[in-house]
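Participant: quick one, structure for this:
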Amino acid sequence: MERKIRVLVAKPGLDGHDRGAKVIARALRDAGMEVIYTGLRQTPEQIVQAGMQEDVDCIAMSILSGAHNHLFPRVMELLKERKVDDILVIGGGVIPESDIPFLKSAGIAEIFGPGTPTKVTIDFIRANLKRNS
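Facilitator: As a prediction, the model looks like this:
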């Protein structure tokens, strides 16, 4: 029996809106993935720690607050400091198109904006895992 893909869905920063994160968490679960939801207002340190403790294959962060250019790269820095290089990291939320190249250069594999079909995110995760499930 193949191990389920484990995804940590996280809400970094002071953003208090989690509807999108809950929608994607439910879609991932319904697609057969194991989902760990961190809840609101997580620090990058908490997100990385939870990802490591839960042995996740993917960290999916959702943000609406506008702090993505600080918080997303900080998660990547912390993963690198801890020599964790086998976790796929993706982001979503209200993120200007002009910020996406910077986020990708920081190591975020993909950014999914509002209205992205959940199947697109699911297919991306399955196709881009860094470790064999």
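Participant: please count neighbours and contacts with C-alpha atoms only from this point.
Facilitator: Fine.
Participant: so where is the chain shaky, pLDDT-wise?
Facilitator: The chain contains residues with pLDDT under 70 at 1, 132-133.
Participant: what's the single longest helix in it?
Facilitator: In the chain, taking DSSP state H as the definition, the longest helix is helix 68-81.
Participant: and that helix, what does it pack against?
Facilitator: Packing partners of helix 68-81 (3 or more CA pairs under 8 Å, 6 or more residues apart in numbering; DSSP states H and E): helix 44-53, helix 100-105.
Participant: strand partners (parallel or antiparallel) of the very next helix or strand once past the longest one?
Facilitator: Following the chain from helix 44-53 toward its C-terminal end, the next helix or strand by DSSP states H and E is strand 58-63. Partner strands and pairing direction for strand 58-63 (DSSP bridges) are strand 6-10 (parallel), strand 88-93 (parallel).
Participant: nearest the middle, which residue of the protein would you pick?
Facilitator: Nearest to the geometric centre of the chain sits residue 60, at 1.3 Å (CA atoms, centre = their mean).
Participant: show me the contacts for that one.
Facilitator: 7, 8, 9, 10, 89, 90, 91, 92 (CA atoms under 8 Å, 6 or more residues apart in numbering).
Participant: find the nearest non-adjacent residue to the fifth one, please.
Facilitator: In this case it means residue 89. Closest residue in space to residue 89, ignoring its immediate chain neighbours: residue 59 at 4.8 Å, by CA to CA, 6 or more residues apart in numbering.
Participant: for the fourth one, same thing?
Facilitator: The shortest distance from residue 10 to any residue that is not its chain neighbour, by CA to CA, 6+ apart, is 4.7 Å, and that residue is residue 61.
Participant: contacts only, for that neighbour.
Facilitator: Taking CA under 8 Å, 6+ apart, one finds 9, 10, 11, 12, 21, 72, 89, 90, 91, 92 in contact with residue 61.
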